[in-house]
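> take a look and give me a structure for this.
(chains A, B, C and D)
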There are 4 protein chains.
Amino acid sequence: MVIIMQTGAPAPQVEAVIAAVRAAGFVPHPIYGVNKTVIAVVGDQTRQHLEAFESLPGVDSVTLIDKPYKLAYTRPDQSRDIVRVRDVEFGGDAVPVIAGPCAVESAEQVAETVESVIRAGARVLRGGAYKPRTSPYAFQGMKTEGLKLLAEARERHHIPVCTEVVDPRDVETVAEHCDILQIGTRNMQNFPLLTEVGKSGRAVLLKRGMASTIEDLLMAAEYVLSEGNERLLLCERGVRTFEPSTRYTLDLSAVAVIRRYSHLPILVDPSHATGHWWAVPAMAKAALAAGADGLVIEVHPRPKEAYCDGAQSLKCETFETLMAELKPIAAAVGRRL
Amino acid sequence: MVIIMQTGAPAPQVEAVIAAVRAAGFVPHPIYGVNKTVIAVVGDQTRQHLEAFESLPGVDSVTLIDKPYKLAYTRPDQSRDIVRVRDVEFGGDAVPVIAGPCAVESAEQVAETVESVIRAGARVLRGGAYKPRTSPYAFQGMKTEGLKLLAEARERHHIPVCTEVVDPRDVETVAEHCDILQIGTRNMQNFPLLTEVGKSGRAVLLKRGMASTIEDLLMAAEYVLSEGNERLLLCERGVRTFEPSTRYTLDLSAVAVIRRYSHLPILVDPSHATGHWWAVPAMAKAALAAGADGLVIEVHPRPKEAYCDGAQSLKCETFETLMAELKPIAAAVGRRL
Amino acid sequence: MVIIMQTGAPAPQVEAVIAAVRAAGFVPHPIYGVNKTVIAVVGDQTRQHLEAFESLPGVDSVTLIDKPYKLAYTRPDQSRDIVRVRDVEFGGDAVPVIAGPCAVESAEQVAETVESVIRAGARVLRGGAYKPRTSPYAFQGMKTEGLKLLAEARERHHIPVCTEVVDPRDVETVAEHCDILQIGTRNMQNFPLLTEVGKSGRAVLLKRGMASTIEDLLMAAEYVLSEGNERLLLCERGVRTFEPSTRYTLDLSAVAVIRRYSHLPILVDPSHATGHWWAVPAMAKAALAAGADGLVIEVHPRPKEAYCDGAQSLKCETFETLMAELKPIAAAVGRRL
Amino acid sequence: MVIIMQTGAPAPQVEAVIAAVRAAGFVPHPIYGVNKTVIAVVGDQTRQHLEAFESLPGVDSVTLIDKPYKLAYTRPDQSRDIVRVRDVEFGGDAVPVIAGPCAVESAEQVAETVESVIRAGARVLRGGAYKPRTSPYAFQGMKTEGLKLLAEARERHHIPVCTEVVDPRDVETVAEHCDILQIGTRNMQNFPLLTEVGKSGRAVLLKRGMASTIEDLLMAAEYVLSEGNERLLLCERGVRTFEPSTRYTLDLSAVAVIRRYSHLPILVDPSHATGHWWAVPAMAKAALAAGADGLVIEVHPRPKEAYCDGAQSLKCETFETLMAELKPIAAAVGRRL
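Okay, the predicted model is just below:
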């Protein structure tokens, strides 16, 4: 932490700040410049104890310079996690694709989709049984009925299943039926929910909040990791910006940043990010080339009949074509699907 | 809804879209321009049914033109709600100020603060017992102990209490101890939580998500309203932007927009928005002048000892001065504190 | 500046960075923590010399902690500028209102508007003769004809005139016809233009870029100030965010921030910020209450016939009503219009 | 355009709007819904004439639904431009890489860089002679001396040169010394400058404004195209968002959007977007995979000595490695460098 004093702050104010730093248990390093004094503070600070220094007389501003995440932070040996879900590995050479419909709608829809995406090369089935919808009048998911349909597909096709959980009271039930618990963008800072999935023992797919910095995402990861659950996958899915031509703005640089500052696998969801089926293939390719450790792609046999997010779903044929196009790109970056 | 066809889309594609609109139960109004065809669609559409049209061949884009919120939408007679909490009214001539510490920390802190803010003219006591913290290592609140301290202050001083709830499992307990259930910015789209507070019978203070549009906020309000709970207060508390000098960017235009498009009272929280105690008075005054129906202000007897958000808390004396300065502004806009 | 070394960076890397800091003429203050080393750097650094340190081996990141603006920075005695334009003063007790149409369209329009806004209490006439338009097909302004109409109004009514200049080649001509040269949001970082208006001797109204931080704005101010022109007015006019209900998001906190960190007067333009006539009065009042040193408001006798920005222009009557409503607010904050 | 009337707007208000639409020369199509009336307007509208409708009584809001750009808009046959600069083609199968230092600093620096980037496979040399710098105290470029150094390299190595122009008065001189005139992000809406480069006859590289929507970028393109200059290259270089870990947020979806809505080649600059040398390779690969028609990459023989933007410059060796890694990705998407 660096405490910057106001220009011309008198010596007693500087001394009072130095004393306050010491009183809080840290080591102050005052640096006296020509125009102003800066006090560097060494020690394992947490935000809540230290931002209070900003309220002291003569203080201009306080800057935290250290990363506040610890468990998610990159290891000294730079090793990266491999997260295993049944026979699928994330974070290694393979780049598994998670595919399926936005929402589980019927047994037929699930059956049709799972066969198609497996044939195309997807390694994990996704589908929403509990849907967090902006509108209370929108389809909220099939709930336990939907979970059962996913579990059936899982048994029949020996494919892991990823599904969203939105309520801490549902974590146990959802965990029984699936392999990866997804935390959606609207719940990235739903801390009771993070704590529950942290305790669940299931792998977790944590999507970045649409207004969350990468640091916020890694802090949310700490909630899961600090419960002892190390099978954690991060997912970039677009952030809110002023650009209206896509639903969100896919921040692919997050892949490079997370690979530099964390050992956790980072996946990319080009479907929710762009909101347009016609933009998904280009962004899936880009994500793969950028170093993503997995892709999450919405596929629906008949998008125009989808109960939600039809505009961003790929038809089965388009998904098949995309998977074929992704293969040489994976090879070009030394990986495989 | 307006469906815009691609330039030069052939007649059969246009006809197929018209047929699809009809099949979905709506009335299509095709308008044939020189270069392109546009199909206006009349009827009570919901997003999930209709965005699927974007996946039809020949469609360039689809624009929703109607407001998706209904219960929160301004009434034909333009009347605005008055929300009563004990003897305090929001939405009328008075502009009640909700004040208190970010977090409840001790009996002494609560006692000291409540006396001070009441003396200064605040009408509601706020204080967090459950704190949603970005970091799992930060103080998470005193929980039920904190609730009890708030309830004691309520009884002793006959002042309504506002406190945050972050977990649907806690709604009942929190509702027993307080008068206004606060939904924080990170939970604005925590739909199970919105549903529970909608059922609680308590007044609700719904804070805008830091990346939520005003439309998103009004859609979240629908979740509460559609449970039959009409005692709902909205709160602008800053949104995420690229500007780093304040913690968030306070969007005061939201006051004007919400007063135009909704009958719900709209409050403003300048403390969380700016993150700096020195910016709070100017923004509190601005909010009042803009037409806010209430203010939410953090006050702490000793900010530098605060367990959270000390940098944005006003000292008791500063709060007292601010309240004195707010009074003539309230009068100037035809209101009172 | 603070240089943060990577966790576990070996001693020779740390020493190489320290040597590089010294070689660049600065004084390094290494602080050796348990996990990592941080090097504070004292001296009058400029960004381009020092960010290069980020490319050295073992460096994690570099943070500039000092304000890069010098001439615009708040003075030790906290005094604030008073900028005089003819008999109008900005930065003192008065809060002058600059009013007029977006674009000069005809002699009649100017005559009608100037009389109306003076009657209502405006102190400066605004009007665009050169219009920077997003579309090349939109009305680009009356240019020199427009300037003459403004100059005539100025002579007849003894009112200062403010108008935009968009091309460094036009600065001399525009300066002949007006009292305040306006730099619009799209030109805030048009450095040749800033240099020319800096040399012009005319007062300058510098609008914040729609994607500029407050620091960027103050750096742009340095371009004008460093040419010796101290009659400089800053203007907040809204920034780009994800919120679509207003054209931009008015960042009123900028008023508080600039009053803290700079001695320059700060004005607010609620018309361009919101883009809706119905939101202008509320935001004008808010700006005044927040401490703005002036307001810039678009007024048009017949908005629906305006050549540009009709949606955000107040009718003359509405402007008159607003001015009457602003007066008590000004009084309430110890100022006058 | 769609004009949405307020709920319950009385018939005379609706009729007045319809009459106003007709009076402006357009064809109104009123659609009477159960709750509200919507008026679709057909014809070749421009924003300034029509947004004025928002000021009419009873109007809730006005939405423009048509694309306002015409020359930049995708052609009926979906063909895409090929822009030739000497023997280099943008927009075809090849994806030329433009490389070189941020700023021209010396003859040695240029000589060393040009040889290195040509050897690695770059097809165009870039280098800034006029630098638009946020700070007036930063290095502003070598100006004409820098242009001469670039022109010499061009002659010696038969490689086209791309350099920025920031002042309309310099366009002629800069055009004499280079092949591609670059318009930087801060000047994307510097309309006098766009007009001058439109008249120059030189190819133009138009960078997206850091707060510009893609539509704004295409409207800026109209300024160049409408002067008859069709050799126009667009460039995505990152937009301003709340994310602080990169200097800007690279919006790669812009590649997909522009390929859908325009026939102009779209390039990507990962260096300015990310601001970190370590993030450039991943984003360069992603851009190529996304369908970019060219890349702009900063290369400096000794980044730590760079006069500007050293933190984002690749060393010559790193650039060479990157080019080798890009080749198989280009092949995987059916293109070549």
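> ramachandran angles for residue A:77?
Main-chain torsions, residue A:77, degrees, to the nearest 10: phi -90, psi 10.
> with residue A:286 instead?
Dihedral angles for residue A:286 - degrees, to the nearest 10 - are phi -60, psi -40.
> separation between it and residue A:207?
Separation of residue A:286 from residue A:207 (C-beta to C-beta, to the nearest Å): 18 Å. (Each C-beta comes from the backbone N, C-alpha and C, glycine too.)
> who has more neighbours, the two?
residue A:286 (31 against 26; other C-beta atoms under 10 Å in any protein chain shown).
> what sits against that one?
For residue A:286, the contacting residues are A:252, A:270, D:252, D:255, D:286-287, D:289-290, by C-beta atoms under 8 Å, 6 or more residues apart in numbering or on different chains.
> farthest pair within those?
A:270 and D:287 (14.6 Å; C-beta to C-beta).
> before we move on, the earlier item: wait, which of the contacts of residue A:286 is closest to chain B?
residue A:270 (15.8 Å; C-beta to the nearest C-beta).
> that closest one reaches residue A:295, doesn't it?
Yes: using C-beta atoms under 8 Å, residue A:270 is in contact with residue A:295, at 7.2 Å.
> what touches both of those two?
Shared contacts of residue A:270 and residue A:295, counting by C-beta under 8 Å, 6+ apart, come down to A:284, A:287.
> what about these two, which has more around it?
residue A:270 (34 against 27).
> skip the chain neighbours and tell me the closest residue to the more buried one.
Residue nearest to residue A:270 in three dimensions, not counting chain neighbours: residue A:283, with 3.6 Å by C-beta to C-beta, 6 or more residues apart in numbering or on different chains.
> for the one you found, give me its contacts.
For residue A:283, the contacting residues are A:250, A:252, A:268, A:270, A:273-274, D:252-253, D:256, D:290, by C-beta under 8 Å, 6+ apart.
> so residue A:272 sits right up against residue A:239, yeah?
No: under the criterion of C-beta under 8 Å, residue A:272 makes no contact with residue A:239, lying 11.2 Å away.
> and for the two, which residues touch both?
residue A:248.
> with neighbour numbers in mind, choose between the two.
Each of residue A:272 and residue A:239 has its neighbours counted (other C-beta under 10 Å); residue A:239 has more, 26 against 23.
> is that one in a bridge, and if so with what?
residue A:249 (DSSP bridges).
> got the contact list for it?
Residue A:239 touches A:208, A:210-212, A:248-249, A:251, B:211, D:241-243, D:249, counting by C-beta under 8 Å, 6+ apart.
> burial of residue A:106, as a residue count?
Neighbours of residue A:106 under the rule other C-beta under 10 Å: 13.
> what's the answer for the one 4 residues further on, then?
For residue A:110, the tally of surrounding residues (other C-beta under 10 Å) stands at 21.
> quick one, what contacts it?
A:101, A:104, A:127, A:149-150, A:152-153.
> and those, which is closest to chain B?
Comparing those against chain B with C-beta to the nearest C-beta places residue A:101 closest, at 12.4 Å.
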